[in-house]
Every structure is written in structure tokens, then in C-alpha cells.
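K.L.:
I need the structure of the sequence given here:
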Amino acid sequence: MEVESGESSSRKRKWERPPVLPLTLATLQAVKERAEKRGNRISLGVIVKYFDNIDAPYEWLLPGWIVEERFVLFDYKGCVRIYEVYQTRIVSSILYTCMQLLRLQELRHV
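P.N.:
The predicted model follows:
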């Protein structure tokens, strides 16, 4: 099939990020507030990025969870990536309750 100038054989849509969940925004706000209280001590050469379950490598995250990636540059080793996962208090309390229920069930079956 020939393609005339100015046309493309396939029309690709630009990927648009879905809207961020309110739970994710609440977690991100809490993380940033905590960083401000600590004095937001980020060294020179450190790049900080935040991701949620919409981002491809972190699809496994639950809604409201975010990952903070810190890229630390080293003179002799190149770049090292440090991860931290944050979750909302709501999600963590639900998970804690579920874990307690599972432990109770295990104890009853023993």
C-alpha cells in the first residue's frame, strides 16, 4: 500500500493519562507534607519521581498507593535507584484488619 505525502498508514492516538484518584492525591499530599516537616533534605544530583498504579511498572499497586523513586548519581558507579512505597492510612488499616482476620482463622484451624 502506498502512502501519500502528509498521510500516515496508521493513526496513532496519543496516550492520555487517566485522572488521578483522590486517594492517590491524598497519599501524595501526605508524603510531601512529611518531607516538608523533615526539611525536605534532597541532596544535589538526586532526582525524585512519584508513580501510582496507572504507571506501567507499578500496575500491582493498590489504589491510593504511590511509589517514590529516587535516582542517586554516583561518580564511580553511575546511577542507583532507591524505591519507597507509600500507602494511605485507610488502605493500611484495611490490610492490617485483613491480616488479623487471617491469623485468627489460622489459629482456629490449628
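K.L.:
rest of the way, CA atoms for contacts and neighbours
P.N.:
Fine.
K.L.:
quick check: phi and psi at the residue lying closest to Pro18 once chain neighbours are set aside.
P.N.:
The shortest distance from Pro18 to any residue other than its chain neighbours is 7.6 Å, reached at Ile54 (CA to CA, 6 or more residues apart in numbering). Backbone torsions of Ile54, given as degrees, to the nearest 10, read phi -80, psi -30.
K.L.:
same question for Val20.
P.N.:
phi -70, psi 140.
K.L.:
could I get the pLDDT score of it?
P.N.:
Confidence at Val20, expressed as pLDDT, is 83.
K.L.:
what's the separation between it and Ala30?
P.N.:
Separation of Val20 from Ala30 (CA to CA, to the nearest Å) stands at 15 Å.
K.L.:
kindly report the same for Asp52.
P.N.:
15 Å.
K.L.:
which of the two has more neighbours?
P.N.:
Between Asp52 and Ala30, counting by other CA atoms under 10 Å, Asp52 is the more crowded of the two (25 against 15).
K.L.:
and the helices in the chain?
P.N.:
Taking DSSP state H, the helices of the chain run over residues 22-37, 89-109.
K.L.:
what's the most buried one of the ones you listed?
P.N.:
helix 22-37 (a mean of 15; mean count of other CA atoms under 10 Å).
K.L.:
now for it, which elements pack on it?
P.N.:
strand 66-74 (3 or more CA pairs under 8 Å, 6 or more residues apart in numbering; DSSP states H and E).
K.L.:
and the angle from the strand it packs on to helix 22-37?
P.N.:
Comparing the axes of strand 66-74 and helix 22-37 via axes from the mean of the first three to the mean of the last three CA atoms, to 10 degrees yields an angle of 40 degrees.
K.L.:
buried sites along strand 66-74?
P.N.:
Ile66, Val67, Glu68, Glu69, Arg70, Phe71, Val72 (16 or more other CA atoms under 10 Å).
K.L.:
and which of these is nearest Arg103?
P.N.:
Distance to Arg103, by CA to CA, is smallest for Ile66 among these, at 27.0 Å.
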